[in-house]
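Participant: A predicted structure for the sequence below; I have some questions about it.
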Amino acid sequence: MTNILVSLSGNCTTKQNLIDKDFTDIIGVDSGAMHLFNRSITPTTVLGDLDSIESSLLKKIKTMDIELINYETDKDKTDFELSLNNIDNPNEKNIYLIGGEGGEIDHLFSIFSLIINYEFAENLTWFYKDKTIIFKTNVSIKMELGSNFSIIPITQLESLTIIGAKWDVNKIDVKPGSTKTLRNISISDEVTINCEDGLFSVIY
């Protein structure tokens, strides 16, 4: 699968090494383009209503070989949603997100809620501050011993199993919104999380 990078507006403090990843497309969402240039990454596309991007940066982008897609300010979709809709065959791609930190609380919730309503949610990884956020039904994660992680049940989780954690569980059902699986600790260098049915998010 090919890799796509989407840089959102808002703050961006992730320390993830993005330079070495092989991205076939790099999308700067409005002022999120600035985060890319600050990391010496050149976007292939910049899109949005462009109401928060600095005029000097916008002028620079217009002189470069970068696709610029300008939407009307009055619209019924966020720039982030438009960026996801702009990705061809997203089910066949790994989509990495940076940015989207800080700002109004409704923006944070809108990003999270938008992701979980896409059928390709499992293809998305969000590097948020010093955390990684993924959306899965089954996953094995390499992490250092003693790392904190939380599992957020997005839908009903049927027969959830957690292996490699201080609080392992074996085939339990977890309701969406339950706090049962928050704030766990790894006791192995790999944590495995499986359920027979359902979607969860892992923050680690």
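Facilitator: Everything's here; your move.
Participant: any idea how far apart the tips of stretch 178-198 sit?
Facilitator: 13 Å (C-alpha to C-alpha, to the nearest Å).
Participant: pull out the buried positions in that stretch.
Facilitator: 181, 184, 186, 191, 193-195, 198 (16 or more other C-beta atoms under 10 Å). The way it works is simple: take the backbone N, C-alpha and C, and place the C-beta from them, glycine included.
Participant: redo those as JSON lines? Include pLDDT, distance to residue 12 and secondary structure.
Facilitator: Shown next, in JSON lines, are the buried residues of stretch 178-198 (pLDDT from 0 to 100; distance: C-beta to C-beta, whole Å; DSSP: H, G, I helix; E, B strand; the rest coil):
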{"residue": "181", "pLDDT": "97", "distance to residue 12": "28", "secondary structure": "coil"}
{"residue": "184", "pLDDT": "98", "distance to residue 12": "27", "secondary structure": "strand"}
{"residue": "186", "pLDDT": "98", "distance to residue 12": "26", "secondary structure": "strand"}
{"residue": "191", "pLDDT": "98", "distance to residue 12": "27", "secondary structure": "strand"}
{"residue": "193", "pLDDT": "98", "distance to residue 12": "27", "secondary structure": "strand"}
{"residue": "194", "pLDDT": "97", "distance to residue 12": "32", "secondary structure": "strand"}
{"residue": "195", "pLDDT": "97", "distance to residue 12": "32", "secondary structure": "coil"}
{"residue": "198", "pLDDT": "97", "distance to residue 12": "31", "secondary structure": "coil"}
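Participant: now the two most distant members of these.
Facilitator: 186 and 198 (21.5 Å; C-beta to C-beta).
Participant: now stretch 138-150: average pLDDT?
Facilitator: Looking at stretch 138-150 alone, the average pLDDT works out to 97.
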